[in-house]
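Undergrad: Give me coordinates for this.
(2 chains)
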Amino acid sequence: QSALTQPASVSGSPGQSITISCTGTSSDVGGYNYVSWYQQYPGKAPKLMISDVSNRPSGVSNRFSGSKSGNTASLTISGLQAEDEADYYCSSYRSDSTVVFGGGTKLTVL
Amino acid sequence: QLQLQESGPGLVRPSETLSLTCSVSGDSVSSTGYFWGWIRQPPGKGLEWIGSISYSGSTYYTPSLKTRVSISVDTSKNQFSLRLTSVTAADTAVYYCARPSGYFYHYFDPWGQGTLVTVSS
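TA: Next comes the predicted model:
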């Protein structure tokens, strides 16, 4: 079961915006609006940041937003802050009733 | 507030069976409409969905582990469990329990803190 494709790393300076991509296929990302994003600090459990492509759970900063075009979903963080430095994972529902994660992206705040 | 907590042996011998339990507080594992799931993360690597179980007992597993894995619910203890047979070093990981939500129960919130399981002789 192939994972979704994410860049290994992205970086940005405080105040800037960055975008993390998540590429799948028509059987997962492209076929459903069921992409989620998670933030994970070292040694900690992942935290849900975005569900269903662009829905932000209560308590998540509005600096985090999600979108999708074709087989690629994206997470954008605006007004980058030092506390945003973490690993980010996307996931998607897949047509065989499974869930697949991306390989993860390490965000560095310069 | 729903909280999840994993427990189980931190060391498992190769070829043996890995067994973990997730204790649920703040809600009932038997509540209609709820699913429960397991995700793992090998050291330094990404997340892998293992499988999920519905309130009615229906199970869904990742294809690569389907022949070795089982998830069950114990309503009397308000827990759900993971069993993974014939383990190898490749099964060494932090194992998380979580509650799947969404139309296809495709996203996970909240998560337990995770428990490291090492497969070694």
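Undergrad: from here on, contacts and neighbour counts on C-alpha atoms
TA: Noted.
Undergrad: which stretches of the chain form strands?
TA: I went with chain A, as the question did not name one. Counting by DSSP state E, chain A has these strands, from start to end: A:9-12, A:18-23, A:35-40, A:47-50, A:64-69, A:72-77, A:86-94, A:98-101, A:105-109.
Undergrad: let's do chain B instead
TA: So, for chain B - with DSSP E - the strands run B:3-7, B:11-12, B:18-25, B:35-41, B:48-54, B:59-61, B:69-74, B:79-84, B:93-101, B:107-111, B:115-119.
Undergrad: what are the bridge partners for residue A:92, then?
TA: Beta-bridge partners for residue A:92, by DSSP bridges, are residue A:35, residue A:100.
Undergrad: got a list of what it touches?
TA: Residue A:92 is in contact with A:28, A:29, A:34, A:35, A:36, A:99, A:100, A:101, B:106, B:107, counting by CA atoms under 8 Å, 6 or more residues apart in numbering or on different chains.
Undergrad: What score does the last one have for pLDDT?
TA: This means residue B:107. pLDDT, residue B:107: 95.
Undergrad: Name the nearest residue to the residue most central in space within chain B, sequence neighbours excluded.
TA: Centroid-nearest residue in chain B, with CA atoms, centre = their mean: residue B:38, separated by 2.8 Å. Leaving aside its chain neighbours, residue B:38 sits nearest to residue B:97 (4.5 Å; criterion: CA to CA, 6 or more residues apart in numbering or on different chains).
Undergrad: Residue B:67 - how many residues pack around it?
TA: Neighbour count of residue B:67, defined by other CA atoms under 10 Å in any protein chain shown: 11.
Undergrad: I'd assumed residue A:5 was in contact with residue A:91.
TA: No. With contact defined as CA atoms under 8 Å, residue A:91 does not reach residue A:5; the gap is 10.1 Å.
Undergrad: Would you confirm that residue B:34 contacts residue B:58?
TA: No. Residue B:34 is beyond contact range of residue B:58, at 11.3 Å (criterion: CA under 8 Å).
Undergrad: Can you tell me what sits against stretch A:46-59?
TA: A:33-40, A:60, A:62, A:64-68, A:73, B:102, B:107-111.
Undergrad: run the last query once more with 7 Å
TA: A:33-40, A:60, A:65-68, B:107-109 (CA atoms under 7 Å, 6 or more residues apart in numbering or on different chains).
Undergrad: what touches both of residue A:91 and residue A:5?
TA: Common neighbours of residue A:91 and residue A:5 (CA under 7 Å, 6+ apart) are residue A:102.
Undergrad: what's the model's confidence in stretch A:73-91, averaged?
TA: Across stretch A:73-91, pLDDT averages out at 98.
Undergrad: Over to stretch B:43-53?
TA: If you average the pLDDT over stretch B:43-53, you get 97.
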